[in-house]
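**Q** here's a sequence, model it:
(one chain, ligands or ions: 4)
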Amino acid sequence: MTLPDMTSAPPPPVDTHCPYCSLQCGMRLRPVEPARAGAPGVEIVERPDFPVNRGALCGKGHSAAELLSSRHRLTAPLVREGGTLRETTWPRALDRAASVLEKTATRYGRDAVGVFGGGGLTNEKAYLLGKFARVALRTANIDYNGRFCMSSAAAAHRAAFGLDRGLPFPMEDVARTGCVILVGSNLADTMPPALRYLREQQAAGGRLIVVDPRRTRTAEPADLHLQPVPGTDLALALGLLHLVIADGHVDEDFIATRTTGFERARASAMAHWPERVERITGVPVAQQRKAVELFTEAGTGMVLTARGPEQQSKGVDTVGAWINLCLATGRAGRPLSGYGCLTGQGNGQGGREHGQKADQLPGYRSITDPAARAHVGEVWGIDPDDLPGPGRSAYELLDTLGTDGGVRSLLLMGSNPVVSAPNAEHITERLRSLDSLVVCDVVLSETARLADVVLPSAQWAEEDGTMTNLEGRVILRHAAVAPPEGVRTDLYTLHELAARLGCEKGFPADAEEVFEELRQASAGGDADYSGITYDRVRKQDGVFWPCPDGEEGTPRLFLDRFATPDGRARFADVSHRPAAEVPDADFPLHLTTGRVLAQYQSGAQTRRTPELNRAAPGPFVELHPRLARRIGVGEGDLLAVTSRRGRALAPARLSGAIRPDTVFMPFHWAGPGRANTLTNPALDPVSRMPEFKVCAVRVEKAPAEATETAEAAETAEATGMVEVAETVETAKTAGESS
Ligand SMILES: Nc1nc2c(c(=O)[nH]1)N[C@H]1C(S)=C(S)[C@@H](COP(=O)(O)OP(=O)(O)OC[C@H]3O[C@@H](n4cnc5c(=O)[nH]c(N)nc54)[C@H](O)[C@@H]3O)O[C@H]1N2
Ligand SMILES: Nc1nc2c(c(=O)[nH]1)N[C@H]1C(S)=C(S)[C@@H](COP(=O)(O)OP(=O)(O)OC[C@H]3O[C@@H](n4cnc5c(=O)[nH]c(N)nc54)[C@H](O)[C@@H]3O)O[C@H]1N2
Ligand code: SF4
Ligand SMILES: [Mo]
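**A** Numbering: from 1, shown residues only. Ligands and ions are numbered 1, 2, ... in the order given. Model (predicted):
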């Protein structure tokens, strides 16, 4: 679309969506007249007509425009020369990036070049990045940070229902269901406007059960809060199914007509009797009974999971067990009932459908399926035999960087693994050992600081593109302002790199043109977007996939049949197993990790937004006062948290809301307080998702010398953002004079 002309009459406001989480709240951008130097050029105003958030935004959404004009933004490409990143021109940076990738491919083979993407990228970027890897680089090794986020629920979804869409119904249905079991989601902090649906549901007489080792602001108003030991959700779900069966609440009719595999699920549930489940999970038998009573009493019900049960080395089985509970009680494939996963990143859903996942082609097609390869090969104009096969999963890709047989040069777009990958010190070392690292980002993230080439990207309000929210609703972001001079869109970058790698055609820089091709590539796949156009998205409040040509889209799935070949949902055959690492004498406590309201992910964007950084200025360790007394620490004391991977330092925050055998750390910071220095990269055998939600640690008061390190780091952290600006500033001066 054409950008508003800022010189004449005030241009009209532009309707768009928040740059952050998967709720993709609607917002309106109003151009500010006159545009002040250093100001974003737009202000965010309410957009009450968008149904998902009806005008409400959280603090991150409200402050999102600040980063558009932030002094921390990259505004010119950087290349490393003599150890320092220096500003350069776009043609030089692109030449350098293309030549290092090509050099690696020539020397070590095509699979030695890797690509790492992100679930925050638009559908168009995700699609073009996948095509870039398979067609321009011809490497098998592409994966993305969604592997850290959504993959377990996705795999369980497909196994049970034959199709994976986060929620099989619109959010509005949540407000009208009889009982919600919310497992390991703290949406009061992670998608605040969605709280409204739970409030409405309870106000209408519905029941809410929250399962979380911490009594969060989400758990506080629940009718029942179950507080399990981290990593034991699988046993809990099996135990609830046991009670459902024992108390005669099974929906025999539904099981007979719409499912397969109940007998095995039943046998496994019978081995998980309430007292055994209490021993494993710490959830008292009486509370298990109460949960089953509330869930089965209500005529309709939903189980919604988020990262709590999913980010485990048995996440797929765990989600499968919660789905079993829905199927056994007939709470699936019927109005106002079902299982859903609350996706996380802005495009957590669409990001995994269009080919940046190691094993997938666009339209949610399998890269090993000959028919899928033939279809996509035809759209891309290449012989299907020339398409690479499946590559390594995210952690496995990062873990083998710089090694023999591993990826030697990496193109990274939309992720900051130095902060967000598990076992992060090791992964940082792997990134350092690369022959070349090319990073596309809006700021100089901790990962971009390690790069040889940094390409500055345009942001959400500066470019068009579609996103698919947690409901499977495809929505459209509109450009409202031009990017700063020196900044280009990611699509431009891919277009230019592809041309330099010999692909002059097939990589358009225009978002709508890319979307038109995506429609064809997805046609006939599970995630069929072929009937979705920019125009239709604009006119409606988004369009739900699947949407084959000429149809209206599908807000509600599975009401007539499930998407399996026989139309029946499949029970999962699962039984309890412990976390990959359980407490022992040396590491006697559970560590779990997650989020706080004001920071987003690796913090690359929100730590650079002053208002948000003031609200959540640094890392902390949440622990129960009883545990604090036992180890002799008080509020604010600096703690050393040690796991088998390393040690992190952060101040104590005492809270009666957490289990006394567990400590919690948010993962938004780098430096000594980085939670991911500690986390265990044990992977789920099916989804290859790491166990962020549980590992074993020791917690003690930090020794005196550590206090000095942490204080020094804290000062560096506080001034860190200034340093980023200065690094580039110095390099600029140097670049100009040379
Ligand atoms: N403010 C903010 N909002 C965000 C994000 C952000 O970084 N900041 N990120 C976005 C993204 S990408 C995502 S994926 C979502 C994540 O959204 P959520 O899943 O809601 O966030 P988390 O804090 O990771 O985890 C949720 C809860 O799981 C609990 N938990 C820990 N271990 C276990 C366990 O073993 N079992 C159970 N049942 N619960 C457990 C934690 O105590 C925590 O309260 O948020 C999105 N929204
Ligand atoms: N311990 C622990 N670790 C976790 C988790 C946890 O619960 N606990 N959760 C995991 C989960 S669910 C997730 S999703 C990951 C997320 O962690 P990351 O993958 O690190 O995600 P972000 O911090 O969102 O990183 C996005 C990067 O891309 C940049 N960026 C934003 N928009 C664009 C764009 O349009 N183009 C380009 N080129 N760059 C852009 C941002 O500035 C930022 O540097 O973290 C995982 N890590
Ligand atoms: S809830 Fe998510 S999408 Fe909505 S304003 Fe907050 S960060 Fe943005
Ligand atoms: Mo996520």
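**Q** report the spatially closest residue to A194, excluding sequence-adjacent ones.
**A** L187 (5.1 Å; Cβ to Cβ, 6 or more residues apart in numbering). (Each C-beta comes from the backbone N, C-alpha and C, glycine too.)
**Q** next one: F558
**A** Closest residue in space to F558, ignoring its immediate chain neighbours: G333 at 4.2 Å, by Cβ to Cβ, 6+ apart.
**Q** OK, contacts around the closest residue to ligand 4 within the stretch 1-150 of the chain?
**A** At 3.1 Å from ligand 4, C149 is the closest residue in the stretch 1-150 of the chain, using Cβ to the ion. Residues near C149 by Cβ atoms under 8 Å, 6 or more residues apart in numbering: G119, R307, T343, G344, Q345, G348.
**Q** pull up the gap between it and Q360, please.
**A** Counting by Cβ to Cβ, to the nearest Å, the gap from C149 to Q360 is 15 Å.
**Q** re the thing from before, correct me, but the residue nearest to A194 touches A306?
**A** Yes - counting by Cβ atoms under 8 Å, L187 touches A306, with 7.3 Å between them.
**Q** any regions of the chain where pLDDT drops low?
**A** Low-confidence segments of the chain (pLDDT under 70): 1-9, 34-38, 711-738.
**Q** burial count for D541?
**A** 14 (other Cβ atoms under 10 Å).
**Q** what strand or helix carries it?
**A** In the assignment (DSSP states H and E), D541 maps to no helix and no strand.
**Q** let me know the secondary structure of L411.
**A** strand (DSSP: H, G, I helix; E, B strand; the rest coil).
**Q** surely it meets V115?
**A** Yes - using Cβ under 8 Å, L411 makes contact with V115 at a distance of 5.0 Å.
**Q** one step back: what's near enough to touch the residue nearest to F558?
**A** With Cβ under 8 Å, 6+ apart, G333 has these contacts: R258, F558, L559, R561, F562, A569.
**Q** could you confirm E66 falls within a strand?
**A** No - counting by three-state DSSP, E66 is not part of a strand but helix.
**Q** just give the nearest non-adjacent residue to it, would you?
**A** Using Cβ to Cβ, 6+ apart, the closest residue to E66 is T609 (5.1 Å).
**Q** that neighbour: how many residues sit nearby?
**A** So T609, with other Cβ under 10 Å, has 23 neighbours.
**Q** likewise the one 10 residues further on?
**A** If you count neighbours by other Cβ under 10 Å, P619 ends up with 27.
**Q** then the one 10 residues further on?
**A** A total of 12 residues lie near R629 under the criterion other Cβ under 10 Å.
**Q** over to the one 5 residues further on?
**A** Counted with other Cβ under 10 Å, the neighbours of G634 add up to 11.
**Q** domain parsing for the protein?
**A** Domain ranges of the chain: 14-68, 78-149+347-510, 151-342, 589-725, per automatic domain parsing.
**Q** export those to a markdown table and append columns for distance to Q540.
**A** Formatted as a markdown table, those follow (distance: least, Cβ to Cβ, whole Å):
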| stretch | distance to Q540 |
| --- | --- |
| domain 14-68 | 10 |
| domain 78-149+347-510 | 9 |
| domain 151-342 | 12 |
| domain 589-725 | 28 |
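**Q** okay but R570 is in contact with G261, surely?
**A** Yes - with contacts counted by Cβ under 8 Å, R570 reaches G261, the gap being 5.2 Å.
**Q** against T122, how distant is the residue nearest to F558?
**A** Taking Cβ to Cβ, one finds G333 at 31 Å from T122.
**Q** likewise G363?
**A** 16 Å.
**Q** partners of L182 in the sheet?
**A** V210, L304 (DSSP bridges).
**Q** just checking, it touches L304?
**A** Yes - the pair formed by L182 and L304 meets the contact definition of Cβ under 8 Å, at 5.2 Å.
**Q** M467 should be in a helix, yeah?
**A** No - assessed with three-state DSSP, M467 is strand; it does not lie in a helix.
**Q** so what's it closest to, chain neighbours aside?
**A** In space, M467 is closest to N347, 4.5 Å off (Cβ to Cβ, 6+ apart).
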